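K.L.:
Below are the sequence and a predicted model; questions follow.
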Amino acid sequence: MMGWIILFLLVLICAAGLIWLGKLPRNTYEITAAALLIGVAGYAWQGHPGMAGVSVVPIEKPNSFDDDMVDARNDLGERFGTAQEWLIFSDSLNRAGKHGAAANYLRNGVKEHPDDPDLWVGLGNALVVHAGGVITPAAQFAFQKAADLSPEHPGPPFFLGLAYAQSGKIDQARAIWTELLARSSADAPWREDLESRLAAMEKIQPSLPVEPETPEGQ
């Protein structure tokens, strides 16, 4: 009902403006009124004046951030030095569904602390979340940067493998995780989780058997 009232008020304002401001002659009043009424009729036919308004402010949905990622990140040995404040606030933005803002916030973080591998890992994760679980060249660069800064850090290969797995690139994920498992100590806090993920991956898509090498001369 409110939509119709607003519509007719706009029609009256428009008509008044045409008459007084536009200096319309009296012999055109009927034609002008007919044109405005035709417009109202067309809107009534195709429009929905009773429908509630829709916000034009873009709202990102919290559909790809998982708190399990935070737990895994903690288990993977983040030092939480200079990265702590940045990562915690980025997590809060992701929980609110503001994935783009979370990624941009961590971009600023690595600008201020370019030598912190934990921030680069966090940025890679945020970029993957922002892309709906798909690894992008920017995310891949962030993980690689973290690996270059701290070659023994388990975070970069773990989350790079996770991004590949989420993108359906099982073979790449398996290769990265298998290498990480091979260099992880027996008491590494992330070892059990990594073994579980590899076992689940094997059930979903078994790895190809390794063909025996053919002796030379045969």
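P.N.:
Right, received. Where do you want to start?

K.L.:
Show me the strands in the chain, by range?
P.N.:
Counting by DSSP state E, the chain forms no strands at all.

K.L.:
What separation do you get for residue 144 and residue 82?
P.N.:
Separation of residue 144 from residue 82 (C-beta to C-beta, to the nearest Å): 20 Å. Using the backbone N, CA and C atoms, a C-beta is placed for each residue, glycine as well.

K.L.:
One more: residue 206?
P.N.:
Using C-beta to C-beta, one obtains 43 Å as the distance from residue 206 to residue 82.

K.L.:
So which of those two has more stuff around it?
P.N.:
residue 82 (15 against 8; other C-beta atoms under 10 Å).

K.L.:
What sits closest to that one if chain neighbours are left out?
P.N.:
Nearest non-adjacent residue to residue 82, counting by C-beta to C-beta, 6 or more residues apart in numbering: residue 113, 5.0 Å away.

K.L.:
Quick check: that neighbour vs residue 99, distance?
P.N.:
The gap separating residue 113 from residue 99 is 21 Å, by C-beta to C-beta.

K.L.:
same deal with residue 108?
P.N.:
According to C-beta to C-beta, residue 108 and residue 99 sit 15 Å apart.

K.L.:
Pick out whichever of the two has more residues nearby.
P.N.:
residue 99 (24 against 12).

K.L.:
How about stretch 162-178, which residues are buried there?
P.N.:
Under the neighbour-count criterion of 16 or more other C-beta atoms under 10 Å, stretch 162-178 has 162, 163, 164, 165, 166, 167, 170, 172, 173, 174, 176, 177 buried.

K.L.:
pretty sure the second one is in contact with residue 121, am I right?
P.N.:
So the one you mean is residue 163. No - the criterion here is C-beta atoms under 8 Å, and residue 163 misses it with residue 121 at 11.3 Å.

K.L.:
Need the max-distance pair from the buried residues of stretch 162-178.
P.N.:
Across the buried residues of stretch 162-178, no pair lies farther apart than 167 and 177, at 14.3 Å, counting by C-beta to C-beta.

K.L.:
How is the chain partitioned into domains?
P.N.:
Using automatic domain parsing, the domain parsing of the chain gives 2-46, 67-204.

K.L.:
Would you single out the least confident of those?
P.N.:
Sorting the domains of the chain by mean pLDDT places domain 2-46 lowest, at a mean of 58.

K.L.:
quick one: contacts for the residue nearest to residue 87 when sequence neighbours are not counted?
P.N.:
Counting by C-beta to C-beta, 6+ apart, the nearest residue to residue 87 once its immediate chain neighbours are dropped is residue 122, at 4.8 Å. Residue 122 makes contact with 73, 83, 86, 87, 90, 106, 109, according to C-beta atoms under 8 Å, 6 or more residues apart in numbering.
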